[in-house]
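S.K.: What follows is a protein structure lacking sequence information:
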Ligand SMILES: Cc1cc2nc3c(=O)[nH]c(=O)nc-3n(C[C@H](O)[C@H](O)[C@H](O)COP(=O)(O)OP(=O)(O)OC[C@H]3O[C@@H](n4cnc5c(N)ncnc54)[C@H](O)[C@@H]3O)c2cc1C
Ligand code: FES
Ligand code: FES
């Protein structure tokens, strides 16, 4: 079936089987492999992207459901040498180790800072409940998000 | 995922017709339950009928005595709604406790209640507040709706349009979340109306229910301690890797006490 949407402000049109996930469109068809897929159970959040400005798990939405929507992936928010303040904060606060969870963490954290009102440590931990990290123990991630919240 | 045909109708009538014409059709709301099921190949519907573009299924309306919420309203919208916070704050709080941000940005009231997972949060409020479901062709009272494990009064192809929640004087919701999924191991919704106290329970049994003994005790004395000596029959409670039936029975009392305390902390 035909799907048209924008990904990182670029118009995309694709003819896909109806059972194509948004994460497959992003990674497979568009080659934007910054969005990671870490689980089969909609729990890890590594695949988080923005759909019309809100964080969603791209592995649990059909590409067809994103018809007409504006999707933003990690590639759409910053670039080497021109990092998004959230990316810079993760770097400064050592908010990553292997980096597998990081794109999803950053996309979820940006939604949090933009939509959740004033943040404190508890709110950041609750706000990132949909993102799992096997490496960092979360502590530096929380620090990074709180420091980015001040800069954003 | 197996293959299916995808449809996105714009009216309830068109959605019903597509569902009736499909060999084995399924409505798609937020997909937060259905898509994980399909990814694991636990179901293989021939057709998915997406309700996202159907007019008349979203929105929140508050009148003097009830809050009516469209079936396609996302959990995040209910959690953030100033109208609901002003009329039934416990309902907005309940929605804020479902899953995680990403799940709340997609999951819907109608999908949760249609699915009737034994650990889902909304059913506790639907039965605790005595809500009424409006479907495409009739209304269903909460008492008649939840029947057994994943079994509801919905007929084949019947579509939930909206759910109307009576506004109580005060209400509170407490759950013990599963630390991994955040579904309710046990959740208790307590509501005080002019006519008396109602209690809705999720997580403990095969579907949401009202514990008659708790309601009787709280109608005599609205106090957490009123629940101390109530005998809980946990024989038919769920028992799984997360909690035994006996433990769920204990959680039921603890969560109910905390909900009553939260309720009493609000102005009468
Ligand atoms: C990681 C994760 C954590 C979660 N944690 C929780 C939690 O803590 N508490 C909780 O309560 N839930 C939780 N959920 C489930 C979530 O709340 C879902 O939103 C909900 O169960 C289903 O809603 P949906 O809109 O996504 O429905 P879908 O998955 O799209 O549909 C579910 C079922 O309902 C049917 N249906 C949908 N809409 C209608 C309608 N209007 N009329 C008739 N039938 C309809 C569909 O055909 C399907 O059979 C979690 C989900 C995930 C992935
Ligand atoms: S890959 Fe999407 S939640 Fe794990
Ligand atoms: S940095 Fe390795 S999973 Fe988070």
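M.R.: On my side now, so go ahead. What you see is a predicted model, and the numbers here were worked out from it, not measured in a lab. Ligands and ions are numbered 1, 2, ... in the order given.

S.K.: and residue A:117, what pLDDT?
M.R.: Note on residue A:117: pLDDT of 87.

S.K.: just checking, what packs against the helix or strand where residue B:174 lies?
M.R.: Assessed by DSSP states H and E, residue B:174 sits inside strand B:170-177. Secondary-structure packing of strand B:170-177 (3 or more Cβ pairs under 8 Å, 6 or more residues apart in numbering or on different chains; DSSP states H and E): helix B:89-96, helix B:122-128, strand B:184-193, helix B:245-264. For every residue, glycine as well, the C-beta is placed using N, CA and C.

S.K.: report the angle between the axes of it and helix B:89-96?
M.R.: Here the directions of strand B:170-177 and helix B:89-96 differ by 20 degrees (axes from the mean of the first three to the mean of the last three Cα atoms, to 10 degrees).

S.K.: Tell me which strands strand B:170-177 pairs with, and in which orientation.
M.R.: Looking at strand B:170-177 with DSSP bridges, its partner strands are strand B:184-193 (antiparallel).

S.K.: pLDDT on the helix or strand just after the strand it pairs with, on average?
M.R.: Per DSSP H and E, the first helix or strand lying C-terminal to strand B:184-193 is strand B:196-202. What strand B:196-202 shows for mean pLDDT is 98.

S.K.: Now find how far off-centre strand B:196-202 is within its chain.
M.R.: 13 Å (Cα atoms, centre = their mean, to the nearest Å).

S.K.: for stretch B:252-260, same thing?
M.R.: With Cα atoms, centre = their mean as the basis, stretch B:252-260 stands 18 Å off its chain's centre.

S.K.: for that stretch, which positions count as buried?
M.R.: Neighbour-count burial for stretch B:252-260 flags B:252-253, B:255-260 (criterion: 16 or more other Cβ atoms under 10 Å in any protein chain shown).

S.K.: So for it, mean pLDDT?
M.R.: 98.

S.K.: can you check stretch A:41-51 too?
M.R.: In this model, stretch A:41-51 carries a mean pLDDT of 97.

S.K.: Is ligand 3 within reach of it?
M.R.: No - against ligand 3, stretch A:41-51 shows no contacts by Cβ under 6 Å from any ligand atom, the least distance being 7.9 Å.

S.K.: Tabulate the helices and strands packed on strand B:170-177 (CSV), appending distance to ligand 2.
M.R.: Formatted as CSV, those follow (distance: least, Cβ to the nearest ligand atom, whole Å):
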stretch, distance to ligand 2
helix B:89-96, 20
helix B:122-128, 22
strand B:184-193, 21
helix B:245-264, 28
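
S.K.: Confirm residue B:206 sits in a strand?
M.R.: No - using DSSP: H, G, I helix; E, B strand; the rest coil, the assignment for residue B:206 is coil, not a strand.

S.K.: Which of the helices and strands packed on strand B:170-177 has the highest mean neighbour count?
M.R.: helix B:122-128 (a mean of 29; mean count of other Cβ atoms under 10 Å in any protein chain shown).

S.K.: average pLDDT for that helix?
M.R.: Mean predicted lDDT for helix B:122-128 stands at 98.

S.K.: Give the other helices and strands that it contacts.
M.R.: Packing contacts for helix B:122-128, counted by 3+ Cβ pairs under 8 Å, 6+ apart, involve helix B:89-96, helix B:109-115, helix B:142-145, strand B:146-148, strand B:160-166, strand B:170-177, strand B:184-193, strand B:196-202.

S.K.: Tell me the residues of chain A that contact chain B?
M.R.: Counting by Cβ under 8 Å from any Cβ of the partner chain, chain A comes close to chain B at A:1, A:17-19, A:21, A:40-43, A:45, A:48, A:51, A:54-57, A:59-62, A:64-65, A:67, A:108, A:111-112, A:127-131.

S.K.: Got a ChimeraX select line for the buried ones in these?
M.R.: Per 16+ other Cβ under 10 Å, the buried members of those correspond to this ChimeraX selection:
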select /A:1,18,19,21,42,43,45,48,51,54,55,56,57,59,60,61,62,64,65,67,108,111,112,127,128,129,130,131
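
S.K.: Could you list which of the residues of chain A next to chain B belong to strands?
M.R.: A:48, A:51, A:54-57 (DSSP state E).

S.K.: Could you dump those residues into CSV with distance to ligand 2 added?
M.R.: Compiled in CSV, those are given as follows (distance: Cβ to the nearest ligand atom, whole Å):
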residue, distance to ligand 2
A:48, 7
A:51, 13
A:54, 15
A:55, 11
A:56, 9
A:57, 4
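
S.K.: Just flag the most distant two among those residues.
M.R.: A:54 and A:57 (11.3 Å; Cβ to Cβ).

S.K.: Domains in chain A, by residue range?
M.R.: Per automatic domain parsing, the domain ranges recorded for chain A read A:2-75, A:85-151.

S.K.: will you turn the ones you listed into CSV that also has distance to residue B:117?
M.R.: Below are the domains of chain A laid out as CSV (distance: least, Cβ to Cβ, whole Å):
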stretch, distance to residue B:117
domain A:2-75, 14
domain A:85-151, 18
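
S.K.: Nearest to ligand 1, out of those?
M.R.: Ligand 1 sits nearest to domain A:2-75 of all the domains of chain A, at 3.8 Å, using Cβ to the nearest ligand atom.

S.K.: Name the SS class of residue B:67, please.
M.R.: Taking three-state DSSP as the rule, one finds residue B:67 in the strand state.

S.K.: and what of the one 10 residues further on?
M.R.: In the three-state summary, residue B:77 is assigned as helix, counting by three-state DSSP.

S.K.: Count the neighbours of the closest residue to it other than its chain neighbours for me.
M.R.: Of all residues not flanking residue B:77 in the chain, residue B:60 sits nearest, at 7.3 Å (Cβ to Cβ, 6 or more residues apart in numbering or on different chains). Residues near residue B:60, counting by other Cβ atoms under 10 Å in any protein chain shown, number 18.

S.K.: and residue B:60, what are its bridge partners?
M.R.: residue B:69.

S.K.: residue contacts, it?
M.R.: Contacts were defined as Cβ atoms under 8 Å, 6 or more residues apart in numbering or on different chains; by that measure residue B:60 touches B:67-70, B:73, B:77-78, B:81, B:83-84.

S.K.: Let's see that with 7 Å instead.
M.R.: Residues near residue B:60 by Cβ atoms under 7 Å, 6 or more residues apart in numbering or on different chains: B:67, B:69, B:73, B:81, B:83-84.

S.K.: next one: residue B:125
M.R.: Contacts of residue B:125 by Cβ under 7 Å, 6+ apart are B:91, B:94, B:165, B:173, B:189, B:200.
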